[in-house]
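In: sequence first, then the predicted structure:
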Amino acid sequence: MTDRRIKKTKDAIQTAFSKLLSANSMEDITVKKLCEKADINKSTFYLHYKDIYDCADCLRDTILDEVNKVFEPYDFNGIINNFSVILVNIMNVFETNRELYMPFLKSPSLSSSLCKMKQLLIENVLKKIDPNNQDEISRCTVSFVISGIISVLEQHDFAEINQQTISILANKVKNGFTH
């Protein structure tokens, strides 16, 4: 169990990082600016992170943990059959943490970190498929579905994605795109 003070400090740093990221590229964010925004000393920052990129990776890992919790109860067929529930739950995760998570998703300077997050999500879902049944099609399908979910979150405002849109997307994922 993490000490509440440590959690509070890390939350303040992550929040300050996201606020700076929403207005700046990653390259323009310095430890000094971040510490000023979070109202902490540099030494406090360095107790928790090696550098700004480590801070970004920790935010990515936090998002990854939350999204993995959504996928956790489902095997691969369950993901396809419950796609609308999963998409709603993932959208709720991002909506609940909008100010913290959305700058990460929308930052062009963190595209490689976002790519890494997709890769890790894909690997986690692939673990749910029996290795004897894993073929190129199942691996491509998992990549397609995970990348699609993340791309929807990157490209659209949540207000645009209503229950009807989610139902149509789920139907297309489950039954094919030509139906």
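Out: Good, I have the coordinates.

In: identify the residue nearest the most centrally placed residue in the chain in space, chain neighbours excluded?
Out: Central residue check for the chain by C-alpha atoms, centre = their mean: the C-alpha nearest the mean position is that of Ile63, 4.2 Å away. Leaving aside its chain neighbours, Ile63 sits nearest to Tyr101 (5.4 Å; criterion: C-beta to C-beta, 6 or more residues apart in numbering). In this view, the C-beta of every residue, glycine as well, is placed from N, C-alpha and C.

In: give the contact list for Ile86.
Out: By C-beta atoms under 8 Å, 6 or more residues apart in numbering, the contact set of Ile86 is Val70, Phe71, Tyr74, Ile79, Ile149.

In: repeat the analysis, applying 7 Å as the threshold.
Out: Contact analysis of Ile86 by C-beta atoms under 7 Å, 6 or more residues apart in numbering lists Val70, Phe71, Ile79.

In: now the residue nearest to Ile63: how far from Val93?
Out: Counting by C-beta to C-beta, to the nearest Å, the separation of Tyr101 from Val93 is 8 Å.

In: tell me which of those two has more neighbours.
Out: Legend: neighbour count by other C-beta atoms under 10 Å for Tyr101 and Val93, higher for Tyr101 (22 against 17).

In: pLDDT score assigned to the more buried one?
Out: Note on Tyr101: pLDDT of 90.

In: now name the helix or strand holding it.
Out: helix 98-106 (DSSP states H and E).

In: just name the lowest-scoring one in the contacts of Ile86, pLDDT-wise.
Out: Of all the contacts of Ile86, Ile79 carries the smallest pLDDT score, 86.

In: number of nearby residues for it?
Out: Ile79 has 23 nearby residues by other C-beta under 10 Å.

In: for Val88, same thing?
Out: Neighbour count of Val88, defined by other C-beta under 10 Å: 17.

In: per-residue confidence for Gln134?
Out: 75.

In: show the contacting residues for the residue lying closest to it once chain neighbours are set aside.
Out: Spatial nearest neighbour of Gln134, excluding adjacent residues (C-beta to C-beta, 6+ apart): Leu126 at 6.8 Å. Applying C-beta under 7 Å, 6+ apart to Leu126 gives the contacts Gln134, Arg139, Val142.

In: name the SS class of Leu20, please.
Out: At Leu20 the chain is in helix, as set by DSSP: H, G, I helix; E, B strand; the rest coil.

In: what separation do you get for Thr141 and Leu20?
Out: Distance of Thr141 to Leu20, given as C-beta to C-beta: 37 Å.

In: between these two, who's got more neighbours?
Out: Leu20 (21 against 17).

In: coming back round to it: mind putting the contacts of Leu126 into a markdown table with secondary structure?
Out: Formatted as a markdown table, the contacts of Leu126 follow (three-state DSSP):
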| residue | secondary structure |
| --- | --- |
| Gln134 | coil |
| Arg139 | helix |
| Val142 | helix |
